[in-house]
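Peer 1: 3D model of this:
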Amino acid sequence: MVIHRKVGYAVTFHKEYKFKFMANHNHLRPRTVWLGHPEKRDQRYPRNVINNQKYNFFTFLPGVLYNQFKYFFNLYFLLLACSQFVDELRLGALYTYWVPLVGMVLFITIGREAVEEIRCSIRDKEVNSHIYSKLLPRGTVKVKSSGIQVGDLIMVEKGECINRLYLPLAGSCFLRTDQLDGETDWKLRLPVACTQRLPTADLLQIRSYVYAEEPNIDIHTFNGTFTREDGDPPVNESLSIENTLWASTVIASGKRTVGVVIYTGKELRGVMNTSNPKNKMGLFDLEVNCLTKILFGALVVVSLVMVALQHFAGRWYLQIFRFLLLFSNIVPISLRVNLDLGKMVFSWMINRDSKIPGTVVRASTIPEELGRISYLLTDKTGTLTQNEMVFRRLHLGTVAYGMDSMDEVQSHVKNNTLSGPPPHDPPLSRAPAATKVRKTISSRVHEAVKAIALVHNVTPVYEANGVTDQAEAEQHYEDTCRVYQAASPDEVSLVQWTESVGLTLVGRDQSSMQLRTPSGQILNFTILQIFPFTYESKRMGIIVRDESTGEITFYMKGADAVMAGIVQYNDWLEEECGNMAREGLRVLVVSKKSLTEEQYQDFEARYVQAKLSVHDRSLKVATVIESLEMEMELLCLTGVEDQLQTDVRPTLEILRNAGIKVWMLTGDKMETATCTAKNAHLVTRNQDIHIFRAVTTRGEAHLELNSFRRKHDCALVISGDSLEVKLHIMFCMCVPAVVCCRCAPTQKAQIVRLLQERTGKLTCAVGESPRPHEGKQASLAADFSVTQFKHLGRLLMVHGRNSYKRSAALSQFVIHRSLCISTMQAVFSSVFYFASVPLYQGFLIVGYSTIYTMFPVFSLVLDKDVKSEVAMLYPELYKDLLKGRPLSFKTFLIWVLISIYQGSIIMYGAMLLFESEFVHIVAISFTSLILTELLMVALTVQTWHWLMMVAELLSLSCYVASLVFLHDYIDVYFIATVSFLWKVTVITLVSCLPLYILKYLRRRFSPPSYSKLTS
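Peer 2: Numbering: from 1, shown residues only. So this is what the prediction gives:
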């Protein structure tokens, strides 16, 4: 499952993706875009049209037909139907072969595809017809989204959705990106510096252009430059992700934004990230395909045996084809249709379950796979936890402040004014030593709080009566109207904490920041540079100038692993980070470095030059920044807590009792990850924990493995360092729980993929996709999406279990239905000198698998062995499914024997009991066959649903009513006699009664596990 914060969770089974746009990457190249002049283009750009349809008007029918008949069995049935146009191979009316093929396969498939295409077309048309304001020399005009071109100047208002990549030129804004990356926190987007103060009309008068990188799939980076040629001298400005508005985002707050269009249509990154997933075929479908191949082999063998018993006389090769047609029911054409319809019903049930609201099934072809999960791999942050951070600890090395001592921190902040002289010292005659210590601690606390209040990307937003205005926040808005917005909840929690101790962030824009002290004084800081957090650097920094003193300070915060090599030597950082991590806190190290004006000017010159680079920009920028990251002063450690979600503990206990091995994959420290695993009861109180030490070779890994094997019922904690060395042996171990810490997203994807490949078991990834997608993008690419982790319990224990058991029963009964009539045909042909003559013709053969038996057989999708409450209370029932017993070669063989027995009894009984005319054999055997099928459905059902009873009665009524119209095949006068009734009754009892007796004896002396819970 791939997590997207506060939007939901994506449950993903291992699969591969084929990107639509990959084939066209060979002609993509960088572009130069002139402002307001789309005609000045150096290459052709795609139209700004979104098209998510698989077919068009002309390719729909050929495409659907091809996708159906590219599979062997559908092609096989097509060839059988076409063979009836050959006189020497015809066995009956054409419709006996064409109606099942066209009606049951093509009609349902074409109808389903048509509905999906129409819905998709309506959605695309709605997006492409959205109206925007386009800036022209004569003013603004309204234009449809499909009419927007690269180079156009477009105005976007608050609340408006964007559907092309857009470079803002005037007006900063906050962007809501939850539909693109799943982040619900707003992101600040900044206009180009040299145009942000220009009047809107002047944007068309300047001579300027944007040089942008070639389109690619990365939604987190952008490289480009903005050049204004009519300046003196010409202005060059670097562009990054902060200067872009991506498609599929919404302007959340701010004034009107004007920007230039850079990418359109299929070159949008959201479109390029849209994948064409292969039609997923689960393990269950593979098993059914294996059984149908066995049935096809049986069909060929039976046909050859029939011809061999004729001693290959005459044109025996034609006889082989006739027998292949005659026994074609051995391979049921309705099997695939019934299973597909069943999957649709299971998906509908999941979507409509009120106890797991918001759950979405996106892979409706594999709901039964939820009933056979062996490994569940889950992310920690935002999946097991709420991703809502609470500040818990401030540590300065010699002193630490917890939640119960925050009033001391507040007092220190209040007694220290950030600007102006320090407070007066008390008289020396009192306690000089204590005064000195108190002053030192007070100033250190004050400096740490100031650093935390400055080193972040948080922006305060004031919302009142629909108006947003940060510039006048202090004059017109109260604190209650302030909302902090940032891409990370960690940063918001830190800024909220500094507010609680007296230092409040009250304003921020592109170049400045304002803090308010407890006395109400406003401290102004100029933002000189910001270095955003990345997964690679694991730190962020900011350079500010204090307007009151002119001091330039470089503040930085980050993970202890990277900050340990940046700060000055100390003897407490590693120990205290470990202590806080063992309490389950997420630790950040905060540091600072004072810069002279000369040092900063030298850095700025090198930094600007690096940012203007188009090639290898990231590497050059990182190198320049690293020149500052040396010998920084360690200020403090912060600890925030990410609390567990509701009912995580009972859900993990349910999964563990169900036999599912749960692995937690996280990028946190080993101590933090271990603490969370214990707190969530992923590791039980009675379990020992074995920490897999760092290894570099396979020999060391084997030694560590031998040490682990000597322990019993022990959880494993493993680090992402040198993970490749450890992975090759990890999957051979039967470990009840595994915690992988310090894992990068790519390593998480690698674990999911290798676990699937090495074990061959079904693997469910929660919170991380098998490919490194993120957020909403990952959710849309996932198979199932749930809104809370606790919903996984019901999704697997109830819906997964029911879907698998129902699919198994349905598939085996459809096979049984086909084998019964095929056995009767084989007996009939054998008795009549191996003649290739059909026993039933015309509507009898068509009606048998449709209106006479279809509804009762399909009603098995409503069957269940236990109530949902019992399935949740006893997750051990799920463990029985992991061995695949509901659909196995053993159960398949049992149903084959039942089919042969019943088919033989019905056919031989009809031939023994009929008196004079052949048509009586047909009447007796066919009626007995229909009644046997209806009784077998009743025998198979474990919990009756009212629709099952309706289906049984409806099918029986349809058969009785149709007898009036079947006078060409059945003697209507004969079926009204007592002789007919007692003969059908005897044959039906002989075919079904032994099975009822066996079922009773089995439940009496060897009851299944679930029967004890229902009694």
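Peer 1: on contacts alone, who are the packing partners of the longest helix anywhere in the chain?
Peer 2: For the chain, the longest helix by residue count, based on DSSP state H, is helix 801-831. Using 3 or more Cβ pairs under 8 Å, 6 or more residues apart in numbering; DSSP states H and E, the elements in contact with helix 801-831 are helix 283-309, helix 316-326, helix 334-352, helix 854-858, helix 889-913, helix 918-940. C-betas here are computed from N, CA, C, even on glycine.
Peer 1: toward the C-terminus from it, list the very next helix or strand.
Peer 2: helix 843-848 (DSSP states H and E).
Peer 1: least confident of the helices and strands packed on helix 801-831, on average?
Peer 2: Taking the average pLDDT of each of the helices and strands packed on helix 801-831, the minimum falls on helix 316-326, with a mean of 85.
Peer 1: from the chain's centre, how far out does that one sit?
Peer 2: Shown here is helix 316-326, whose average C-alpha point lies 49 Å from the average C-alpha point of the whole chain (Cα atoms, centre = their mean, to the nearest Å).
Peer 1: tell me what angle it forms with helix 283-309.
Peer 2: Computed by axes from the mean of the first three to the mean of the last three Cα atoms, to 10 degrees, the angle separating helix 316-326 from helix 283-309 equals 140 degrees.
Peer 1: looks to me like D218 is in a strand.
Peer 2: No: with the criterion set as DSSP: H, G, I helix; E, B strand; the rest coil, the secondary structure at D218 is coil rather than a strand.
Peer 1: what are the neighbouring residues in contact with it?
Peer 2: Contacts here follow Cβ atoms under 8 Å, 6 or more residues apart in numbering; on that basis D218 touches R269.
Peer 1: distance of it from W246?
Peer 2: Relative to W246, D218 is positioned 11 Å away (Cβ to Cβ, to the nearest Å).
Peer 1: do V288 as well
Peer 2: The value you get for V288 to W246, if Cβ to Cβ is used, is 43 Å.
Peer 1: shared neighbours of D218 and W246, which are they?
Peer 2: Overlap between the neighbourhoods of D218 and W246 consists of R269, taking contacts as Cβ under 8 Å, 6+ apart.
Peer 1: re the thing from before, looking at the helices and strands packed on helix 801-831, which is nearest to I552?
Peer 2: helix 334-352 (57.2 Å; Cβ to Cβ).
Peer 1: what's that closest one packed up against?
Peer 2: Contact partners of helix 334-352 among helices and strands, from 3+ Cβ pairs under 8 Å, 6+ apart: helix 108-128, helix 283-309, strand 360-361, helix 801-831, helix 854-858.
Peer 1: next one: it to chain centre, how far?
Peer 2: Offset of helix 334-352 from its chain centre (Cα atoms, centre = their mean): 20 Å.
Peer 1: with just CA atoms, put it into PDB.
Peer 2: Coordinates of each C-alpha in helix 334-352 appear next as PDB, following Å, rounded to 0.1, in the frame of the first residue of the first chain:
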ATOM      1  CA  SER A 334     -19.100 -19.600 -19.000                       C
ATOM      2  CA  LEU A 335     -16.300 -20.100 -16.500                       C
ATOM      3  CA  ARG A 336     -14.500 -16.900 -17.300                       C
ATOM      4  CA  VAL A 337     -17.700 -14.800 -17.500                       C
ATOM      5  CA  ASN A 338     -19.000 -16.100 -14.200                       C
ATOM      6  CA  LEU A 339     -15.700 -15.400 -12.400                       C
ATOM      7  CA  ASP A 340     -15.500 -11.900 -13.900                       C
ATOM      8  CA  LEU A 341     -19.000 -11.100 -12.900                       C
ATOM      9  CA  GLY A 342     -18.300 -12.500  -9.400                       C
ATOM     10  CA  LYS A 343     -15.300 -10.200  -9.100                       C
ATOM     11  CA  MET A 344     -17.500  -7.200 -10.000                       C
ATOM     12  CA  VAL A 345     -19.900  -8.300  -7.200                       C
ATOM     13  CA  PHE A 346     -17.100  -8.700  -4.700                       C
ATOM     14  CA  SER A 347     -15.700  -5.200  -5.600                       C
ATOM     15  CA  TRP A 348     -19.100  -3.700  -5.300                       C
ATOM     16  CA  MET A 349     -19.500  -5.200  -1.800                       C
ATOM     17  CA  ILE A 350     -16.200  -3.800  -0.700                       C
ATOM     18  CA  ASN A 351     -17.000  -0.300  -2.000                       C
ATOM     19  CA  ARG A 352     -20.400  -0.400  -0.300                       C
END
